[in-house]
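**Q** sequence and predicted structure, then a few things I'm wondering about:
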Amino acid sequence: MIEVIPNWHPVAVHFTVALLITASVLFAAGTLFRKAASGGALTAAARWNLAIGAAVTVATLATGWSAYNTVDHDAPSHANMTVHLRWAVATALVFLAAAGVAWLERRKVAGAGVLLLVLLAGGSGALVVTGWLGGENVYRYGLGVMALPRSGDHVHPASGGHPHEHGHDHETADAPKTPDAAAGKVVTRPAPDAPSTPHEHAH
């Protein structure tokens, strides 16, 4: 089986977000244009997106739970992971409820009822918060990251040939030197670090 680092959660979550947000927008459009010829088609597409999105969400929760229990982390990141997990479960429950209401309204030719629209609007807002917290897990706390980029050793031509400055230097005395064609100078390439020891944290 193909191994995804750190696991399949980052893959599944993108389908959840895309399908559920698309379903919400299509339901709103189908309701707005319910008297038009396109109202029925928009509503049908919305139901399919919601149904598939709800099914994928189950897989997203399962892989997220696996990541929660297996990804190396410390106490601060564990706290954010827990908040993210709670928001994810609550968001999933809202959309699953919306899928149930959509099933009860399946005989409606076009548009959605007030309850379904409220659930979709609330679920979409909660999904944004959940996604923000998930992004913080990676970009703020570095969860699931196996290698970090080194600053100061890469030059963008648009920057005028000046290396990025981040307030710290990763260059080492024994690092190999290679010519940098863009800058017209020799750039010191940092030597690889020794493998780091994973954090140990008790749940």
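**A** Great, that's in hand. Residues are numbered from 1 along each chain as shown.

**Q** how about the helices in the chain?
**A** Ranges of helices within the chain are 9-32, 39-70, 75-104, 114-139, based on DSSP state H.

**Q** which elements pack onto the first one?
**A** By that I understand helix 9-32. Here helix 9-32 touches helix 39-70, helix 114-139, going by 3 or more CB pairs under 8 Å, 6 or more residues apart in numbering; DSSP states H and E. Bear in mind the C-beta positions are built from the backbone N, C-alpha and C, glycine included.

**Q** now tabulate those in JSON lines and tack on distance to T91, mean pLDDT and mean neighbour count.
**A** Below are the helices and strands packed on helix 9-32 laid out as JSON lines (distance: least, CB to CB, whole Å; pLDDT from 0 to 100; neighbours: other CB atoms under 10 Å):
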{"stretch": "helix 39-70", "distance to T91": "8", "mean pLDDT": "94", "mean neighbour count": "18"}
{"stretch": "helix 114-139", "distance to T91": "4", "mean pLDDT": "95", "mean neighbour count": "17"}
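
**Q** turn those into TSV, columns for distance to R86.
**A** Formatted as TSV, these follow (distance: least, CB to CB, whole Å):
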stretch	distance to R86
helix 39-70	11
helix 114-139	9
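
**Q** with distance to P157 added, can I get the helices of the chain in CSV?
**A** Shown next, in CSV, are these (distance: least, CB to CB, whole Å):
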stretch, distance to P157
helix 9-32, 31
helix 39-70, 38
helix 75-104, 36
helix 114-139, 26
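
**Q** now E105, nearest residue through space, not along the chain?
**A** G113 (5.8 Å; CB to CB, 6 or more residues apart in numbering).
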